[in-house]
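Student: Quick one: sequence plus predicted model below, questions after.
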Amino acid sequence: MTEELIRKIESLDPKLHAFAWFDPAFAREQAKGLEKGGISKGPLWGIPVLVKDNICVEGVPTTCASKILKGFRPPYDATAVEKLKKAGAILLGMANMDEFAFGSSCEYSCYGPTRNPWDPTRVPGGSSGGSAAAVAAGLTALALGSDTGGSIRQPAAFCGVVGMKPTYGRVSRYGLIAFASSLDQIGPIARTVEEIALLLQGIAGFDPRDSTSGNLPVPDYQKELEKPVKGLRLGVPKEYFVDGLDPEVKKGIDAALAEFRRLGMSVTEVSLPHTEYAIPTYYVIATAEASSNLARFDGVQYGHRSSQGKSLLEMYTQTREEGFGPEAKRRIILGTFVLSSGYYEAYYGRALKVRTLIKKDFDRVFGSVDCLVTPTSPTPAFPLGEKMEDPLTMYLSDIHTISVNLAGVPALSVPCGFTQGGLPIGMQLIAKPFAEETLLKAAYAYQQATGWHKRQPPS
Amino acid sequence: MAISTKEVEYLALLARIQLTPQELERFAGQMDEILAYVEKLKTARTEGVSPTSHVLELSNVFREDKVEPSLPTEKVLANAPDREGPFFKVPQIIDPAG
């Protein structure tokens, strides 16, 4: 099984470029370790998992696809990784991503872009583009991603696979290299909803090493999957169906809503009135947090150090100039601006208040519905290079996923059809905090009834 | 609001990044565009709304005041770009010329 997969990766990945790091010896060694015994055969035993390049694996290059972390080998495992190792999963390698998870296309990587397995002239989405593309192309069974503004769900949608951003606090962030600490969350990517349940089960739970970890019991997701969906109340937020929504995406969602009705769920229109503020709020808060989090990359403790600087200050400024790519620099500068004295209240202070309004929108709708249904992205996968020089347009493509992170609620993207040109369309389901099981059972029932997940990209 | 290259240069210094003149130029233009979009926040009604810096209702998460094992020095220093003995080494901080 491992050997077959290694051959497949070696033949297909040079074109797809989903891996940031791959060493067959690493996978083989783990497979051998499993054969020797010692780890009890649970549901993840022997299952290959690809890890996004911003989740620490001890001794394995973990670089956030950034030159500034080239060669960095973490001295410890992230909690999610530690749990997978204990469950006997085989870690395949590290997945390509946008540098520090800044991006929606996987083009801002120091290793070069990943391609979409359905159409190599298009992006796989981002930032967890490598994870989603590898799952779609069958180069791994499961993958870990991270989602700060849609970075699991949007690439899952673009690549025709399932991806979940769990509730903030459901999965420990310990060992996830921080982008925006109040928004970041690790989550699973796979072909089917059952596999999502399996991987989520493997990584969820309280962790005292993450002080924002939720101390709540983890349900048995496999059992929850098959619970009846009849009578489930779905809400369709009208603000998510406005100008700029691709008509083929809209058609896919409409057909899915009809399917949900056939399965005995009710569908009503609801309103999230502060949706229009989500993108400006997000890009203030996320860049503010990023600019502080990325202060740690200074050429002292790990990663790249410039040979240019004579004084300590010059060493810092040169190291960071050489190490960070264009989008990382842009976000650090923007974050520094919104936190700088004179502008703090007008931008950061105000964004935190608007965040409260956005969160309250969700609290209110979840009083009357169990789950929201929206497109994951306003368009299918766009061509490589299309938005690279236009950061604002790239930011605007995150419109459907960003509010979820601001509100901290869980959401999942599941394939719901294809465009005439053969590109996957993704549907997003959103539930209230710590109700991942609602997403899983609704998506599972849908997948059983439709079978979009059985289609495979041309190889 | 219009952001000048001078302002971007100052922000870059605060952020400890030595940007090139081309980057200063490009970022100033792009920041103008992004900030013009962010202006939209000013139309939200936020009187009497309290800020959310965090979605979980947690505060002061404490742990037992107990010593836990920490990483050995060698492991921590293994990734250091430069070191001397058990220390990280950095360029000179104090200018001998004063």
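Tutor: In hand now; what should we look at? Numbering: from 1, shown residues only, chains lettered A, B, ... in the order given.

Student: Look up which helix or strand A:I189 falls in, please.
Tutor: Using DSSP states H and E, A:I189 falls within strand A:186-190.

Student: which helix is the longest one in chain B?
Tutor: Counting residues, the longest helix found in chain B (DSSP state H) is helix B:21-38.

Student: Need the CA coordinates for the strand holding A:I189. PDB is fine.
Tutor: This file holds the C-alpha atoms of strand A:186-190, laid out as PDB (Å, rounded to 0.1, in the frame of the first residue of the first chain):
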ATOM      1  CA  ILE A 186      -6.500  22.800  12.100                       C
ATOM      2  CA  GLY A 187      -8.900  20.600  10.200                       C
ATOM      3  CA  PRO A 188      -9.400  17.500   8.000                       C
ATOM      4  CA  ILE A 189      -9.500  17.200   4.200                       C
ATOM      5  CA  ALA A 190     -10.600  13.900   2.500                       C
END
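
Student: So what's the gap between the following helix or strand past it and the chain middle?
Tutor: Under the assignment DSSP H and E, the closest C-terminal helix or strand after strand A:186-190 is helix A:193-203. Distance of helix A:193-203 from the chain centroid (Cα atoms, centre = their mean, to the nearest Å) equals 15 Å.

Student: same question, stretch A:34-51
Tutor: Centroid separation for stretch A:34-51 versus its chain: 24 Å, with Cα atoms, centre = their mean.

Student: Can you point out the buried residues in the next helix or strand after the longest helix of chain B?
Tutor: Downstream of helix B:21-38, the first helix or strand assigned by DSSP H and E is helix B:73-77. Residues of helix B:73-77 classed as buried by neighbour count (16 or more other Cβ atoms under 10 Å in any protein chain shown): B:L77. C-beta: built from backbone N, CA, C; applies to glycine.

Student: One more: stretch B:19-31?
Tutor: The neighbour-count check on stretch B:19-31 (16+ other Cβ under 10 Å) flags B:L19, B:E23, B:L24, B:R26, B:F27, B:A28, B:Q30, B:M31 as buried.

Student: Let me know the distance separating the residue of chain A positioned farthest from its centre from A:Q301.
Tutor: Relative to the mean C-alpha coordinate of chain A, counting by Cα atoms, centre = their mean, the farthest residue is A:K310 (39.8 Å). Look at A:K310 and A:Q301: by Cβ to Cβ, to the nearest Å, they are 20 Å apart.

Student: Identify the residue nearest the geometric centre of chain A.
Tutor: Residue closest to the mean C-alpha point of chain A, counted by Cα atoms, centre = their mean, is A:I152 at 2.0 Å.

Student: wait, doesn't that residue sit right on A:V162?
Tutor: No - A:I152 lies out of contact with A:V162 (Cβ atoms under 8 Å); the separation is 9.8 Å.

Student: if I look at these two, which residues touch both of them?
Tutor: Taking Cβ atoms under 8 Å, 6 or more residues apart in numbering or on different chains as the contact rule, A:I152 and A:V162 both touch A:I189, A:S413.

Student: re the thing from before, the residue farthest from the centre of chain A contacts B:I93, correct?
Tutor: No - using Cβ under 8 Å, A:K310 makes no contact with B:I93, being 11.6 Å away.

Student: rewinding a little: on the three-state scheme, the residue nearest to the residue farthest from the centre of chain A when sequence neighbours are not counted is what?
Tutor: Residue nearest to A:K310 in three dimensions, not counting chain neighbours: B:P91, with 6.5 Å by Cβ to Cβ, 6 or more residues apart in numbering or on different chains. Secondary structure, DSSP: H, G, I helix; E, B strand; the rest coil: B:P91 is coil.

Student: Need phi/psi at B:P91.
Tutor: As for B:P91, its main-chain torsions (degrees, to the nearest 10) stand at phi -60, psi 160.

Student: Give me the neighbour count for it.
Tutor: Neighbourhood size, B:P91 [other Cβ atoms under 10 Å in any protein chain shown]: 15.

Student: How about the one 4 residues further on?
Tutor: Under the neighbour criterion other Cβ under 10 Å, B:D95 is assigned a count of 7.

Student: For it, give me the pLDDT.
Tutor: B:D95 carries a pLDDT value of 73.

Student: Kindly report the same for B:M1.
Tutor: Here, the pLDDT recorded for B:M1 equals 66.

Student: what does B:G98 give?
Tutor: So B:G98 comes in at 58 (pLDDT).

Student: And for A:A132?
Tutor: Taking A:A132 on its own, its pLDDT is 98.

Student: just the helices in the stretch 251-400 of chain A please.
Tutor: A:278-293, A:312-323, A:326-339, A:344, A:350-365, A:391-396 (DSSP state H, counting those that start in this stretch).

Student: would CSV of these with mean pLDDT and distance to B:Y37 be doable?
Tutor: Shown next, in CSV, are these (pLDDT from 0 to 100; distance: least, Cβ to Cβ, whole Å):
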stretch, mean pLDDT, distance to B:Y37
helix A:278-293, 97, 6
helix A:312-323, 96, 26
helix A:326-339, 97, 12
helix A:344, 94, 19
helix A:350-365, 98, 13
helix A:391-396, 88, 6
